[in-house]
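Undergrad: Give me the fold of what follows.
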Amino acid sequence: MSITMTDLYYQEDNGACYVHLDGGLRHLPNPGTMNNLFHTGIAPENCNQFKNAESAPFPILNCFPIMNNAQLVNTPSHPDGSIFLTDAYPWDPDTVVLRHVINPAQMDRIGFDWSNEVDYSGNAQVGVPLSIDSANYQAAQHLAGFSVLYDHLILKKPFNAFFNYLAQSFPAQSSMLYKSELKSLIVKYQAAVNAL
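TA: Numbering: from 1, shown residues only. Coordinates of the predicted model:
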């Protein structure tokens, strides 16, 4: 059977495979993960090919690969037949989140294999739905980032260095000046995540 997976990409110079999600190309880390997710017989000719990193059609998200041993799962808390990808955000790589596969068309575009779905009974939070563009992921990232900054600057909790790029806008020596601004940003991005 010939399968064309329009959201899968293959890098010719190093044999890396990527899936187009979250605003860029996310690396598939190993054959085991690919076998968990995709149709058997996946091959470079079934993917969009590009020569090297410089010619990639979208940014390669080096800090955000697909989670090692990711799976397609269903869960008893969603008995409506929803399918989720087990994933992890780069700012919290040890926490599994379940990200909803939006619809059957998305399953087919990516090349996810319906028959690979397994039951998931572990503890996991539901993350933002899968999307090609970065809006869903960025909403979650900003909500997490501004929450971490609030905890660090106002409540003096440990800081996650992943969010240094956000912290540059909030000099620590003036931290209490930003309490209302950070609360407003948290509310804004909480609403954005809730709307997904």
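
Undergrad: Can you get me a residue count around the closest residue to Tyr120 other than its chain neighbours?
TA: Leaving aside its sequence neighbours, Tyr120 sits nearest to Val73 (Cβ to Cβ, 6 or more residues apart in numbering; 3.6 Å). (Glycine included, C-beta is placed from N, CA and C.) Residue neighbour count, defined by other Cβ atoms under 10 Å, stands at 21 for Val73.

Undergrad: Tell me which residues of the longest helix seen in the chain come out buried.
TA: Longest helix in the chain, counting residues (DSSP state H): helix 135-153. Neighbour-count burial for helix 135-153, with 16 or more other Cβ atoms under 10 Å as criterion, is recorded at 136-150, 152-153.

Undergrad: same check, this time on stretch 168-187
TA: Quick answer for stretch 168-187 (16+ other Cβ under 10 Å): 170, 175, 178, 182, 185-186.

Undergrad: and the least confident of the residues you listed?
TA: Per-residue confidence across the buried residues of stretch 168-187 is lowest for Ser175, with 69 (pLDDT).

Undergrad: Give me the domain ranges for this protein.
TA: Using automatic domain parsing, the domain parsing of the chain gives 8-126, 135-194.

Undergrad: quick check, distance from the last one to the centre of its chain.
TA: When C-alpha coordinates are averaged (Cα atoms, centre = their mean, to the nearest Å), domain 135-194 and its chain have centres 19 Å apart.

Undergrad: where along the protein do the helices fall?
TA: 31-37, 104-110, 135-153, 164-167, 179-194.

Undergrad: Out of those helices, the one nearest Ile60 is which?
TA: helix 135-153 (15.0 Å; Cβ to Cβ).

Undergrad: which residues are contacting the closest one?
TA: Residues from elsewhere that reach helix 135-153 (Cβ atoms under 8 Å, 6 or more residues apart in numbering): 22-23, 89, 91-92, 127-131, 157-160, 162-163, 166-167, 170, 172, 175-176, 178-179, 182-183, 185-186, 189-190, 192-193, 196.

Undergrad: Packing partners of the helix-or-strand element of the chain with minimal mean pLDDT?
TA: Of all helical and strand segments in the chain, the minimum by mean pLDDT, DSSP states H and E falls on helix 104-110, at a mean of 88. The helices and strands touching helix 104-110, judged by 3 or more Cβ pairs under 8 Å, 6 or more residues apart in numbering; DSSP states H and E, number zero.
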